[in-house]
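Engineer: Any chance you can model this:
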Amino acid sequence: MYDVACIGIFVADCIAKTVDKIPERGKLGLIDSIKLYTGGCAMNAGVDMKKLGANVALIGMVGNDGFGNFMLEELKRLDMPTDGVRVSNEYATSASAVLVDGGGERTFLHSLGANGKFTDTDVNFDVIRDSKIVFVAGTMLMPNFDGEPCARVLKKCKEMGKITVLDSAWDDTGRWMEVLRPCMPYIDYFIPSIDEARMFAEGREDVADIADYFFDLGVKHVAIKVGKEGCYVRETKDAPGVTLPTYLGIKPADTTGAGDSFCSGFLYGLTHDMSMTESAAFANAVATHCVMEVGASTGIKPYAEIIKFMEEHQPG
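Structural biologist: As a prediction, the model looks like this:
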């Protein structure tokens, strides 16, 4: 039995560091390093959970190419199943050029590739049947899956008795709630970033008002990643919300995958007898480990090491 089945995007991340300026057109600029890493919301969260100690399956699509082979080989190296990953002979693996500046902030150049063609008919429900939680990762970056196809999958997952969790990505096309609305009644835990949450909430700024808006659309529980402030957690509309601080004393080396690592910690908590608030506090510590190293999953440690870090460090 899998703890979590992650449905979503797979991306080959070519991370270039340190990029504090772009060379003039036609010119060359020297940087410290260019390295290839696994990336994409589903891949990141899945690998992170595996490193924490969870049993995870991934569902998505890659191309039959060098990047796709790299992603599949990494899954095999980590002893993770590939049954849910479709390999396309028609579409290339999604990839990003990630430019990391001296402060650890990243800028992305992204090609949708196979992620743009993945849809509900590509989902392996045998994998979902063997999973406790279904996590949709990378919503707004899967144009053939987002919206009604995603809602159909979530609805079927609920009919199968599964817990559903959804995270989002930034929508460069500006569709936002137009796409997400049909999914909302079938989401048990909605965990967007604050910037994305404000866009989904159609102009609302206050985090409590935003959570109210999501509850009114049918979401059961809300956790919003609020950057350096940590995360805002609210069990129900009638319950008070709480903001859990993160670890501000840690200087980030690279923020790539920070949101995905938060999700991995949160999901690990939910599947290992933690309350929602305990899961979010643990998720803050996991996300802190993510930003300590270059790469989306490089800094993630096993559960026991994360707990030891929490015992030795105070958030805030």
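
Engineer: so what pLDDT did residue 253 get?
Structural biologist: Residue 253 carries a pLDDT score of 83 in this model.

Engineer: how many neighbours does it have?
Structural biologist: Residue 253 has 17 neighbours, counted by other C-beta atoms under 10 Å. (Each C-beta comes from the backbone N, C-alpha and C, glycine too.)

Engineer: check contacts around it.
Structural biologist: Residue 253 is in contact with 104, 291-294, 299, counting by C-beta atoms under 8 Å, 6 or more residues apart in numbering.

Engineer: Just the closest of the residues you listed to residue 50, please.
Structural biologist: residue 299 (14.3 Å; C-beta to C-beta).

Engineer: Could you double-check that that closest one sits in contact with residue 291?
Structural biologist: Yes - with contact defined as C-beta atoms under 8 Å, residue 299 reaches residue 291; the gap is 7.1 Å.

Engineer: can you list the contacts of residue 253 in CSV and add pLDDT, secondary structure and neighbour count?
Structural biologist: Listed next are those as CSV, based on pLDDT from 0 to 100; DSSP: H, G, I helix; E, B strand; the rest coil; neighbours: other C-beta atoms under 10 Å:
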residue, pLDDT, secondary structure, neighbour count
104, 77, coil, 17
291, 92, helix, 21
292, 92, coil, 17
293, 90, coil, 16
294, 79, coil, 19
299, 93, coil, 22
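
Engineer: May I see these organised as TSV, with distance to residue 27 added?
Structural biologist: Compiled in TSV, those are given as follows (distance: C-beta to C-beta, whole Å):
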residue	distance to residue 27
104	25
291	31
292	33
293	31
294	25
299	33
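
Engineer: now, which of the residues you listed sits nearest residue 52?
Structural biologist: Closest to residue 52, out of all of the contacts of residue 253 and judged by C-beta to C-beta, is residue 299, at 12.0 Å.

Engineer: leaving aside the residues next to it on the chain, what's closest to that closest one?
Structural biologist: Closest residue to residue 299 apart from its sequence neighbours, by C-beta to C-beta, 6 or more residues apart in numbering: residue 293 at 3.4 Å.

Engineer: how about the one you found, what does it touch?
Structural biologist: So residue 293 contacts 253-254, 299 (C-beta under 8 Å, 6+ apart).

Engineer: related to what we said a few turns ago, which one of the contacts of residue 253 is nearest residue 263?
Structural biologist: residue 291 (14.4 Å).

Engineer: Could you give me the buried positions within the worst-scoring helix or strand of the chain on mean pLDDT?
Structural biologist: For the chain, counting by mean pLDDT, DSSP states H and E, strand 106-111 ranks last in confidence among helices and strands (a mean of 86). For strand 106-111, the neighbour count (16 or more other C-beta atoms under 10 Å) marks 106, 110 as buried.

Engineer: Now do the helix or strand that that strand is followed by: everything it contacts.
Structural biologist: Following strand 106-111 in sequence order, the next helix or strand is helix 125-129 (DSSP states H and E). Helix 125-129 has contacts (C-beta under 8 Å, 6+ apart) with 2, 5, 57, 59, 81, 83-84, 134, 156-157, 160, 162.

Engineer: Can you select the buried ones from those residues in PyMOL?
Structural biologist: Only the buried entries of these go into this PyMOL selection, using 16+ other C-beta under 10 Å:
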select buried, resi 2+5+57+59+81+84+134+156+157+162
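
Engineer: Which ones among the contacts of helix 125-129 map onto strands?
Structural biologist: Counted as lying in strands by DSSP state E, out of the contacts of helix 125-129, are 2, 5, 57, 59, 134.

Engineer: Alright, that wraps it up for me.
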